[in-house]
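> structure for the following, please:
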Amino acid sequence: MLHTARFLCSVSAAFARLLRELRKLLIRASAFSPVVASLPKAAAASSPAAGVISAMTLPLRRKTPAAAASVVAIQKQVLVVAPPPTAVLVGAEVPNVVGGCSDDATEQQAESKKKKTAWAARRRPSRLVIPVADVDAGEVAAGWAAAAAASAKEADLKEVEGEGFRLASRAGLRHAMEDAYAVVTDKHGGDSELAFYGVFDGHGGRAAVDFVSERLARNVVSAVLAAGTETQGEPRSSSAEEEDAVSAAIRAAYLATDNELLAQHQGESGGACATTALVRGGHLYVAHVGDCRAVLSRDSTAAALTVDHTCAREEERERIEREGGYVCRSGSGVWRVQGRLAVSRAFGDGALKRWVVADPAVTRVALDARCEFLVIASDGLWDKVSNQEAVDAVSTSPATACRELVDMARHRGSRDDVTVMVVDLGRFVR
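Got it, this is the predicted structure:
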């Protein structure tokens, strides 16, 4: 009996649940039954010709009379489009349509188009007219138009012509002019073949470059003449000893000038690079510290007589590290001594003097008929112009080559000071 009663109770409970679910389904079906919207007569009359794009309505729940009225008003806004793109709002008076268009509708469209055009004209900014610079492709660097920058700095160009040399120089765009030069061609002790030429590139101000350009030429000429006087009258086994004496005198003059600079300008952080050429006894002696460069033209072929003293050179990095310093690459990819200076040899730079020495590299060349001229320039030129390009420019137009090379570097995007000197070697060839 007990089991039978439990079974009957469970059956009755299941039946009651079934009835509740059926009642819910009936209520939902009646609440969500689709409402068929009929078009007004005007729309129905025009729809066969115009064609209704969309007339599907959303299912509606039971609402109050006010809400129902608003729903009906919303449903009356059915979009009817004729073959020409003319929109008609159902519920308003529809004009007579001939061929899918009417005069009133055309006038309204024209008026609306005029209003939109006038509104767009008011909102549209004035047209910008940007002049096109007369610059070749690839000659704009770091946001500078090379031709415009060159014309703006035209007044800064300096040209010098002297005994056996020509020079052109222009300040860079980043700072005040820090290049300098020196020339000594006077007779000294009856030696008419002794001549000195130099180009200097300062950094950290003009103090160092002004001092070096004034003192180095004097010190080198004096040291070379003194070396010649000391060896005069003494027997020599070969000319190599005299040549070595001249190279040693030039090296001593470089170091003496650096010591004088440090003593006179203590505590200053600036420095200067230099490349110098000395002609004596039918030989050319080229000495340098830093990244100024000297290029010889021999049979119209470029031959570099210097190798830039930069931290990118392995032997320079090893020398600095042996002295307890370090070389690291900056964010721009340039190797720098102690993370500060890009050149590894220079005059001055007292704070880095333990590693940035003024001991020059000296190269000797015997002059002959094939030696035509020498190009000495600061790194502002060599960063943008190759050695052979410089030689070709001088060979093509020797009278204006210095100016052309300065302009070439500027047009290629150089923002550094540029100084170019061309020395005629033919006058020293025996």
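> any idea of the pLDDT on residue 112?
On the pLDDT scale, residue 112 is placed at 71.
> what's the local residue count around it?
10 (other CB atoms under 10 Å). For glycine as for every other residue, the C-beta is placed from the backbone atoms N, C-alpha and C.
> does it belong to a helix, a strand or coil?
Residue 112 falls in the helix class when you classify it by DSSP: H, G, I helix; E, B strand; the rest coil.
> so what does residue 425 look like in phi/psi?
According to degrees, to the nearest 10, the main-chain angles of residue 425 amount to phi -90, psi -10.
> tell me if I'm right that it and residue 371 touch.
Yes: under the criterion of CB atoms under 8 Å, residue 425 is in contact with residue 371, at a separation of 4.7 Å.
> the host helix or strand of residue 316 - contacts with which helices or strands?
Under the criterion DSSP states H and E, the helix or strand holding residue 316 is helix 314-322. With contacts defined as 3 or more CB pairs under 8 Å, 6 or more residues apart in numbering; DSSP states H and E, helix 314-322 has these neighbours: strand 327-329.
> tell me the helix or strand right after the strand it packs on.
The C-terminal neighbour of strand 327-329 among helices and strands, as given by DSSP H and E, is strand 335-337.
> for that following strand, packing partners?
So strand 335-337, by 3+ CB pairs under 8 Å, 6+ apart, packs with strand 327-329.
> any low-confidence regions in the stretch 201-350 of the chain?
Across the stretch 201-350 of the chain, residues meeting the criterion (pLDDT under 70) sit at 230-243.
> give me that answer again for 50
When the per-residue scores of the stretch 201-350 of the chain are filtered using pLDDT under 50, the ranges that remain are 237.
> the helices in it, which residues?
Under the criterion DSSP state H, counting those that start in this stretch, the stretch 201-350 of the chain carries helices at the ranges 207-231, 239-264, 314-322.
> domain ranges for this structure, per the record?
Following automatic domain parsing, one gets these domains for the chain: 34-123, 140-266+273-308+361-428.
> in space, what's closest to residue 374 - neighbours in sequence excluded?
Closest residue to residue 374 in three dimensions, ignoring its sequence neighbours and counting by CB to CB, 6 or more residues apart in numbering: residue 423, at 4.4 Å.
> that neighbour belongs to a strand?
Yes: under the criterion used here (three-state DSSP), residue 423 sits inside a strand.
> show me the beta-bridge partners of it.
For residue 423, the residues forming beta bridges with it (DSSP bridges) are residue 165, residue 374.
> mind checking how far residue 269 is from residue 338?
Between residue 269 and residue 338 the distance, using CB to CB, to the nearest Å, works out to 12 Å.
> that older thread, what's the closest of the helices of the stretch 201-350 of the chain to residue 301?
Closest to residue 301 of these is helix 239-264 (CB to CB; 24.1 Å).
> could you name the helices and strands sitting against that closest one?
Using 3+ CB pairs under 8 Å, 6+ apart as the contact criterion, the elements in contact with helix 239-264 are helix 207-231, strand 271-280, strand 283-289, strand 347-348, strand 361-366.
> residue 26: which of those is closest?
When these are ranked by distance to residue 26, counting by CB to CB, first place goes to strand 271-280 at 98.7 Å.
> which strands and helices sit next to that closest one?
Contact here means 3+ CB pairs under 8 Å, 6+ apart; on that basis strand 271-280 packs against strand 195-203, helix 207-231, helix 239-264, strand 283-289, strand 293-298, strand 347-348, strand 371-377.
> name every strand pairing with the shortest one and say which way it goes.
Pairing partners of strand 347-348, with direction, according to DSSP bridges: strand 271-280 (antiparallel).
> report the backbone C-alpha coordinates of the partner strand in PDB.
Output for strand 271-280, consisting of C-alpha atoms alone and laid out as PDB, is shown next (Å, rounded to 0.1, in the frame of the first residue of the first chain):
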ATOM      1  CA  GLY A 271      89.300  69.400 -28.400                       C
ATOM      2  CA  ALA A 272      90.300  69.400 -32.100                       C
ATOM      3  CA  CYS A 273      91.200  67.000 -34.900                       C
ATOM      4  CA  ALA A 274      93.900  67.800 -37.400                       C
ATOM      5  CA  THR A 275      95.400  66.700 -40.700                       C
ATOM      6  CA  THR A 276      98.500  68.400 -41.900                       C
ATOM      7  CA  ALA A 277     100.800  68.100 -44.900                       C
ATOM      8  CA  LEU A 278     104.500  69.200 -45.000                       C
ATOM      9  CA  VAL A 279     106.500  69.300 -48.200                       C
ATOM     10  CA  ARG A 280     110.300  69.200 -47.800                       C
END
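> report the longest helix in this protein, please.
In the chain, taking DSSP state H as the definition, the longest helix is helix 2-31.
> in three-state terms, label the nearest residue to residue 401 once chain neighbours are set aside for me.
With CB to CB, 6+ apart as the criterion, residue 401 has its nearest non-adjacent residue at 4.1 Å, and that residue is residue 394. Each residue gets one of three states, and residue 394 gets helix by three-state DSSP.
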